[in-house]
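*Asks:* task: produce atomic coordinates for the following.
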Amino acid sequence: MRSSNPVLNRLDETTRLEGRVLGVGVAEEMTVDDVVVRTVGLLLLTGATALLAWLYVPQAVWVPAALAGSALAAIALALVISLRAVTHPAPMVAYAVVEGLLLGVASRAFELVYPGIVSQAVAGTFGVFLGMALLYRARLVRATPRMARLVVGVLLGLVAISVVNLVVYLVTGRQGLEIYSLTGEVGGWAYVIAVIAIIAGAFSFILDFDLVERSVQAGRPRRYAWLCAFGLLTGLVFLYWQLLRLLSYVRR
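*Replies:* Numbering: from 1, shown residues only. Predicted coordinates:
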């Protein structure tokens, strides 16, 4: 079964080729604790960088440059890590830093317009994550091939919509299915897209938990815990952005 997270999909494809031919011992095999520790570490680094950016990046002068530069760097790093199935921690650490810069600068801009919105988005993100983890743990929601196809299809559709919407915005200045300004009116379709993105992001965690569990059961090398942690980090960041966008729509 494939995950909705392309980073973890790449892990599945690469380690399937490796199998157990490397003779990895039990002490070197990946565990759930390895994934948890690395995920928490990357989250703490992202949060610390975001806090520093929030406090020390001047809004008036550096916001456009910080947003553009960190966004491009984050996208480039994510592509390199996922496409090449990188298992060394250095690129993951670099991604956490540049993503933290982006989150800190953008979140402060949202907070200045809508006080309290950042804490609401953070609480919502971890609330959804923990809720899906509990549902998966209790086996109330199971990862199935049908769910995987549905979630992957929805996420790919959202990516396509976002690209088209961005191109239209850059060419004509019109905002449609996704709104890029912090103020102004929001159409009904923007709400629909944001809600669909949040639901798809939430269910993607079920597929990711399943793949991590199967990777542990297969005895994959411990270094792949870094790739799993990176995949979960990208999922959390995606969900945070969607919640932040939806909350800003509601409060306009």
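*Asks:* can you show me the strands along the stretch 101-250 of the chain?
*Replies:* Along the stretch 101-250 of the chain, counting by DSSP state E, counting those that start in this stretch, no stretch forms strands.
*Asks:* low-confidence regions, it specifically.
*Replies:* With pLDDT under 70 as the threshold, the stretch 101-250 of the chain has low-confidence stretches at 166, 170, 173, 175-176, 180-181.
*Asks:* could you pull out the helices for it?
*Replies:* According to DSSP state H, counting those that start in this stretch, the stretch 101-250 of the chain carries its helices in the segments 117-137, 145-172, 188-217, 224-250.
*Asks:* and residue 40, which of those helices is closest to it?
*Replies:* Evaluated over those, closeness to residue 40 peaks at helix 224-250, with 8.4 Å, by Cβ to Cβ. Every C-beta, even on glycine, is put in place using the N, C-alpha and C of the backbone.
*Asks:* give me the angle between that closest one and helix 188-217.
*Replies:* In terms of direction (axes from the mean of the first three to the mean of the last three Cα atoms, to 10 degrees), helix 224-250 departs from helix 188-217 by 160 degrees.
*Asks:* tell me what helix 224-250 is packed against?
*Replies:* Packed against helix 224-250 by the contact rule (3 or more Cβ pairs under 8 Å, 6 or more residues apart in numbering; DSSP states H and E) you find helix 6-18, helix 32-56, helix 59-83, helix 89-113, helix 117-137, helix 188-217.
*Asks:* export those to a markdown table and tack on mean neighbour count and distance to residue 157?
*Replies:* Formatted as a markdown table, the helices and strands packed on helix 224-250 follow (neighbours: other Cβ atoms under 10 Å; distance: least, Cβ to Cβ, whole Å):
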| stretch | mean neighbour count | distance to residue 157 |
| --- | --- | --- |
| helix 6-18 | 18 | 15 |
| helix 32-56 | 17 | 27 |
| helix 59-83 | 15 | 19 |
| helix 89-113 | 20 | 24 |
| helix 117-137 | 16 | 20 |
| helix 188-217 | 19 | 9 |
